[in-house]
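Visitor: I would like the atomic coordinates for the input below:
(chains A, B, C and D)
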Protein chains: 2
Amino acid sequence: MTNPQMPYPRPIATVDLVIVALTEAGLEVLLTRRDIEPYAGEWALPGGWIHIDKDIDLEAAACRVLREKTGVETPYLEQLETFGSAGRDPRGWSISVSYVSLIATNQMRLPAAEHRTDVAWTAVTDDTVAVPLSFDHAKIVKSALTRLRNKVEYSTLPVHLLPSGFTLTELQAVYERILGRRIDKSAFRKRIAEVDFVEPVFGEMRRASNRPAQIYRVKAGRSTILFDRTL
Amino acid sequence: MTNPQMPYPRPIATVDLVIVALTEAGLEVLLTRRDIEPYAGEWALPGGWIHIDKDIDLEAAACRVLREKTGVETPYLEQLETFGSAGRDPRGWSISVSYVSLIATNQMRLPAAEHRTDVAWTAVTDDTVAVPLSFDHAKIVKSALTRLRNKVEYSTLPVHLLPSGFTLTELQAVYERILGRRIDKSAFRKRIAEVDFVEPVFGEMRRASNRPAQIYRVKAGRSTILFDRTL
DNA sequence: ATAGTTAGTGTATTTTGTCAACTAAGTTAT
DNA sequence: ATAACTTAGTTGACAAAATACACTAACTAT
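Guide: Residues are numbered from 1 along each chain as shown, chains lettered A, B, ... in the order given. The predicted model follows:
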């Protein structure tokens, strides 16, 4: 820093979001089609420039992007990793602060309604989406899903992928689908009880042609808790 | 993004480093005294603007700062968290991409030689340094040390705080000092053997007035490995 | 009633962690 | 020389925890 009064040229600064939901098909990521250059017409993560006049901080910028794309107001939002280099954007040296957001499918004001071709949920396999992505967004997606899978192993994070009322069997199924392996029912319930982050909603039951299941909700303020050990 | 061809005003972009070493006194963090406004004369984390003409990417910028301050060339360097807001720097909306670096005390070309008053190692207690820090750097230090302590629990990360040859007892002592609790010798050695990341340097022994101890080194390419379970 | 299905719990077995003792190999004091 | 001391490194008994698997419960459909 020889003379910082003389301003250095500044890099481009953006936030990009990996918005994840779990559907029947598996994990899906929300993508948008770019309407301007560079990469016009191609798929990219929802994101945008930081508006230094409107956004009070990074998280506010990420929230704004999320609201604009999905209408979700109070999501699970976590900073992921920051990518910055001379080459990742043809317009010049750029920084992307990336965030992961988990949302329950039913929480959205359907941003990907059938007739829209500029927003789409895209299935993820092997931490990769099926379509090619602009910039280094494929790397960001991979980073997000690696982090997600690791964290699921020792946290209550998957509740954010479910609606507010759910059964323990449903919760277990979310863990199993993300981890890609079976979990023992009794071990799973023991762990959930220890962590003490859900409570039964008395009277509310999920009914089917079998024994009804108790419906649970997250205890106030305990939505993300880390386990001592892995599942 | 209404018209991104018209450039938005860009935030200030910097990298800041939490450089950690372990001395007899405990964990210490390297601080520098600022020579220019804002906060001239006060302590801050080593850091600097991203030079978009010289730095190829964020990690290169962090490496440059580390080299300038400590002379260390091949450190353990890990991206931590990115802080950005309208208010954290009086000069305007600014982004700080923070990194943690672990270095062995003896690896440095003494940046904090006795006669220098602009660089200093400062003891950490309770994830806080003893002196007040500029900007939001106290928050960055806290974030770094929280991450460090968590990660020590399930990774081989502490080797980076030791010189290249070390005994298992020395390695265990590093874990114990960071975690602040005793670890059972036999359990510790079992875990280290399982992870298989160190190997004995045959013939080299640490000698004292007792039974000599085998000296170990990190196996090539296995310097940072995660455990299945916690220590 | 009975069969079928999923919810929810209990238990035996195996695995893992804890604690403490033990042997090993050197130095130092007598 | 030898006994005392110190730290290195290993072993085994016991307690605690994870795992697998079976069992009981509560409903619907036939």
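Visitor: When you work out contacts or count neighbours from here on, use the C-alpha atoms and nothing else.
Guide: OK.
Visitor: Could you chop chain A up by domain?
Guide: Chain A breaks down into these domains under automatic domain parsing: A:12-152, A:157-218.
Visitor: ok, the longest one near chain B or not?
Guide: The one in question is domain A:12-152. Yes. Residues of domain A:12-152 contacting chain B under Cα under 8 Å from any Cα of the partner chain: A:12-13, A:48-52, A:55-58, A:79, A:81-87, A:93, A:97.
Visitor: Show me what from chain A comes close to DNA strand C.
Guide: By the rule Cα under 7 Å from any atom of the strand, the part of chain A lying against DNA strand C is A:167-170, A:185-186, A:189, A:209-214.
Visitor: and with 10 Å instead?
Guide: Counting by Cα under 10 Å from any atom of the strand, chain A comes close to DNA strand C at A:166-173, A:184-190, A:193, A:200, A:205-216, A:229.
Visitor: Now that you've got those residues, can you turn the buried subset into something I can paste into PyMOL?
Guide: To isolate the buried ones among those in PyMOL, judged by 16 or more other Cα atoms under 10 Å in any protein chain shown, type:
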select buried, chain A and resi 166+167+168+171+172+173+188+200+205+213+214+215+216
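Visitor: Which of the residues of chain A next to DNA strand C fall in strands?
Guide: Judged by DSSP state E, strands contain the following of those: A:Pro200, A:Met205, A:Arg206, A:Arg207, A:Ala208, A:Asn210, A:Arg211, A:Pro212, A:Ala213, A:Gln214, A:Ile215, A:Tyr216.
Visitor: Out of these, which two are the most distant from each other?
Guide: Spanning the widest gap among these are A:Pro200 and A:Asn210, at 19.2 Å by Cα to Cα.
Visitor: A:Tyr99 should be in a helix, yeah?
Guide: No. A:Tyr99: not assigned to a helix; according to DSSP: H, G, I helix; E, B strand; the rest coil it is strand.
Visitor: related to what we said a few turns ago, and the residues of domain A:12-152 next to chain B, which are buried?
Guide: Those of these that meet the buried threshold are A:12-13, A:48-52, A:55-58, A:79, A:81-86, A:93, A:97, by 16+ other Cα under 10 Å.
Visitor: From B:Pro46, how far off is the residue lying closest to A:Leu66 once chain neighbours are set aside?
Guide: Spatial nearest neighbour of A:Leu66, excluding adjacent residues (Cα to Cα, 6 or more residues apart in numbering or on different chains): A:Val72 at 6.7 Å. A:Val72 sits 39 Å away from B:Pro46, going by Cα to Cα, to the nearest Å.
Visitor: Who has more neighbours out of these two?
Guide: Set A:Val72 next to B:Pro46 and count neighbours by other Cα atoms under 10 Å in any protein chain shown: B:Pro46 wins out with 22 against 17.
Visitor: Phi and psi next, for that one.
Guide: B:Pro46 adopts backbone torsions of phi -60, psi 130, taken as degrees, to the nearest 10.
Visitor: Ok, the one 5 residues further on next?
Guide: For B:His51, the backbone dihedrals are phi -100, psi 100 (criterion: degrees, to the nearest 10).
Visitor: again, but for the one 4 residues further on
Guide: Recorded main-chain torsions at B:Asp55 are phi -90, psi 130, according to degrees, to the nearest 10.
Visitor: and it, what does it touch?
Guide: Residues near B:Asp55 by Cα atoms under 8 Å, 6 or more residues apart in numbering or on different chains: A:Ser85, A:Ala86, B:Ala61.
Visitor: Indicate whether stretch A:190-197 makes contact with chain B.
Guide: No. Using Cα under 8 Å from any Cα, stretch A:190-197 stays clear of chain B, with a minimum separation of 15.3 Å.
Visitor: buried sites along that stretch?
Guide: A:Ile192, A:Val195, A:Phe197.
Visitor: In contact with A:Glu78, which residues?
Guide: When contacts are counted by Cα under 8 Å, 6+ apart, A:Glu78 is found next to A:Tyr99, A:Val100, A:Ser101.
Visitor: wait, is it part of a strand?
Guide: Yes. Assessed with three-state DSSP, A:Glu78 lies in a strand.
Visitor: Output the contacting helices and strands for the longest helix seen in chain A.
Guide: Taking DSSP state H as the criterion, chain A has its longest helix at helix A:137-152. In this structure, helix A:137-152 packs against strand A:12-23, strand A:76-85, strand A:128-129, helix A:168-179, with contacts taken as 3 or more Cα pairs under 8 Å, 6 or more residues apart in numbering or on different chains; DSSP states H and E.
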